[in-house]
Every structure is written in C-alpha cells, then in structure tokens.
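K.L.:
would you be able to build a 3D model of this:
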Amino acid sequence: MAENTKKWEEAGRRYRTYIKLEKRLAANTVESYMSDLRHFAHYILRQWDVGPRKVEREMIERYLGLLYERGSRKTSQARSLSGIRSFFNFLLLEEKIETSPAEFITTPKFGRQLPDVLTTEEIDRIIAAIDPTTPKGRRDGAMLEVLYSCGLRASELTALRMSDLFFGEGYIRVIGKGDKQRLVPVSTTARQKIRRWLEDRGDLYDKNKQEDAVFLNNRGGKLTRVMVFTIIKQAARRAGIDKRISPHTFRHSFATHLLEGGASIRQVQEMLGHESILTTEIYTHLDREHLRRTVEEHLPNFNGGESEES
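P.N.:
Got it, this is the predicted structure:
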C-alpha cells in the first residue's frame, strides 16, 4: 500500500498546483477539492490498493454508493463526483491516463433549494440593530450596508482594499472567484458609512502597520468570513429576525430585489460576478415566487380559473 499511497500523494500535489495556479480556483474551493480527493484516495487504497492510473468506473460508483449509504446529501455526492472528474481530467491533460473512469458516471439528481430571502424592511432592521455610536458599530454598519447594496460574497467583502474604492466615480472594485475583477456601483449611503468608518480606522490603528483591507478587526488585522457571519447573526437576533441568515442571505436578497425592481438577468449576472448565466437563473425562480405572492395578495379570488362573479 505504501507505494500506491505515494502515487496518490504525488498526483495530489501536482493536481493542487494545477487547480490553484492554472485553474485559479478560490482557496476554499481548492481545499474542498483536495479534501474530497483525500477521502476518495483513502477509500480506493483501502479497498483495492491501486494508484490513480488503475482506478476503474466501478470503483467510483461504489464509492458514491458508500456516500449515499452514509446519508450524504445529494449535493455533497455531486460535489465529490465533480472533484473526482476534475482530478481524472487533470491526469488526462498530463497524459497519465488515456480515458477518464469518471467520464460516463451520472451526477445525482437533486432539487434546487431556493435560498431564504430577506425583505428590504428586514435588511433595514438588521442594519439598524447595530450601535452606530461606537467605532466597532460604525464598522459593522458599513460592512453590512456594502454587503447588501453591492451584493458581495463574504470573501469579497473581507478582501476589499483601500485601493478598490473609487468613490469619485461611484464604484468599488471587487475581486471575485478566480481573481476576476468587476466594478460594482456603491450607494450614497454605503459611501457615507465607509467614509465615517475610515475616520475611525485612521484614529484606531498605526497607519504604518495597517493592513490594506478596508475593514479591520480589533487588532488591526484582516477580518475573516467567520467574523462577518457572527456579526450578521448577532444583529439579526437583536432585530428579532427569525430566519436562517448568513452573509450569502444578503447577496441572495440583493439579487432578488434587483429583479423585482426591473433589472434584467444579465444585469444581475454582471453585478454578482457569475461566470455562467445558469448560476444567476436561480433568482428568476425567486422572482416568480414573488410574482405569485403579489397575485395572491392583490387578487384574493384568483384560483387559476374564473371567479364567482364571472
């Protein structure tokens, strides 16, 4: 087993370099793929003790079956298969194998769960629940305002740099997945809150030792995504909002409100930085749900047929 374990480790190192430097996947995605690959390699070694080049389709199918038996969600199964496919496609590029054993394995079918969406009133309540009289409160308020009004991912918010602020033009520069850049309009309210926080930022930290990040933690270092999540959860609790809320909930809500306001799916795609329009199209389902609720609220007799007065 030691010899084949070494083969998996060597292939894994090359694969990590490939998806990080050539595919330019986000750090979290790289770690997710590598974790899935390690679990898969461990299973293959334990069951058959073969290297990557000797893996067959049946072995992959049995591994997916094991995930199913253990109660793994279909989304997790699909992600694992996606990572396995990516790994063997990499071996194809390296010409280590002639065909991919994962090529004709079908992805588990699953229904797409629509994300929770906050109303604009709920967004306002959450932001209003933050104390604006302290530097930390002004920082948190500015963060949540930008997170929602610019539709950012949590990782994009924490990566926002001073050099990414173009307030004169009314935009911020966002570094998205794969280091892809996009310009996003920033509201007047968000600009005002950022400027007020930047005054605190200049007073609180040694300018010679500051991170370039716009939003800093109490020690003057870069904020983490977990800290952003915690800030939102605490503010939502104070606001009395009883929904599953995360930083991405703000992004979902932003996209939905854009569509409800008349923006096109292409405009929303550009604002969110989605590479594929298919990713953005989930929000058309959310928009249709909003339409259905509107019809029911304003036409109480609507039942898909004629009303009693017809």
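K.L.:
identify the residues contacting H257.
P.N.:
By Cβ atoms under 8 Å, 6 or more residues apart in numbering, the contact set of H257 is T120. For glycine as for every other residue, the C-beta is placed from the backbone atoms N, C-alpha and C.
K.L.:
actually R24, sorry about that
P.N.:
178-179.
K.L.:
same check, this time on G170
P.N.:
185-186, 191.
K.L.:
try 6 Å this time
P.N.:
P185 (Cβ atoms under 6 Å, 6 or more residues apart in numbering).
K.L.:
for it, give its distance to V214.
P.N.:
16 Å (Cβ to Cβ, to the nearest Å).
K.L.:
quick one, phi psi at P185?
P.N.:
Main-chain torsions, P185, degrees, to the nearest 10: phi -60, psi 140.
K.L.:
hey, what's it bridged with?
P.N.:
For P185, the beta-bridge partners are Y171 (DSSP bridges).
K.L.:
what is the neighbour count of the closest residue to V184 other than its chain neighbours?
P.N.:
Among residues not flanking V184 along the chain, C150 sits closest, at 4.8 Å (Cβ to Cβ, 6 or more residues apart in numbering). As a burial measure, C150 scores 23 neighbours (other Cβ atoms under 10 Å).
K.L.:
same check, this time on K7
P.N.:
K7: 17 neighbours (other Cβ under 10 Å).
K.L.:
what lies in contact with the strand or helix carrying it?
P.N.:
In the assignment (DSSP states H and E), K7 maps to helix 2-17. Helix 2-17 is contacted from outside by 34, 41, 45, 49, 51-52, 87, 90, using Cβ under 6 Å, 6+ apart.
K.L.:
likewise for stretch 49-67?
P.N.:
So stretch 49-67 is contacted by 1, 4, 7, 11, 43, 77, 96-97, 101-102, 105 (Cβ under 6 Å, 6+ apart).
K.L.:
G137 touches A129, doesn't it?
P.N.:
No. G137 lies out of contact with A129 (Cβ atoms under 6 Å); the separation is 9.9 Å.
K.L.:
which one's more surrounded, those two?
P.N.:
A129 (19 against 16).
K.L.:
so is I97 in a helix, a strand, or just coil?
P.N.:
coil (DSSP: H, G, I helix; E, B strand; the rest coil).
K.L.:
next up, phi/psi of it, please.
P.N.:
Here I97 shows phi and psi, under degrees, to the nearest 10, equal to phi -130, psi 160.
K.L.:
what helix or strand is the nearest residue to T280 once chain neighbours are set aside on?
P.N.:
Leaving aside its sequence neighbours, T280 sits nearest to Q269 (Cβ to Cβ, 6+ apart; 4.2 Å). Per DSSP H and E, Q269 falls inside helix 265-272.
K.L.:
any idea of the mean pLDDT in that helix?
P.N.:
Taken as a whole, helix 265-272 has a mean pLDDT of 88.
K.L.:
need the contact list for A142.
P.N.:
193-194, 197.
K.L.:
and the helix or strand that the helix holding Q269 is followed by, what does it pack against?
P.N.:
Following helix 265-272 in sequence order, the next helix or strand is helix 277-280 (DSSP H and E). Secondary-structure packing of helix 277-280 (3 or more Cβ pairs under 6 Å, 6 or more residues apart in numbering; DSSP states H and E): helix 265-272.
K.L.:
who touches the helix it packs on?
P.N.:
Here helix 265-272 makes contact (Cβ under 6 Å, 6+ apart) with 151, 255, 258, 277, 280.
K.L.:
export those residues as CSV, with columns for distance to D164, neighbour count and pLDDT.
P.N.:
Shown next, in CSV, are these (distance: Cβ to Cβ, whole Å; neighbours: other Cβ atoms under 10 Å; pLDDT from 0 to 100):
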residue, distance to D164, neighbour count, pLDDT
G151, 15, 22, 93
A255, 21, 25, 90
L258, 21, 19, 90
I277, 25, 11, 76
T280, 23, 21, 78
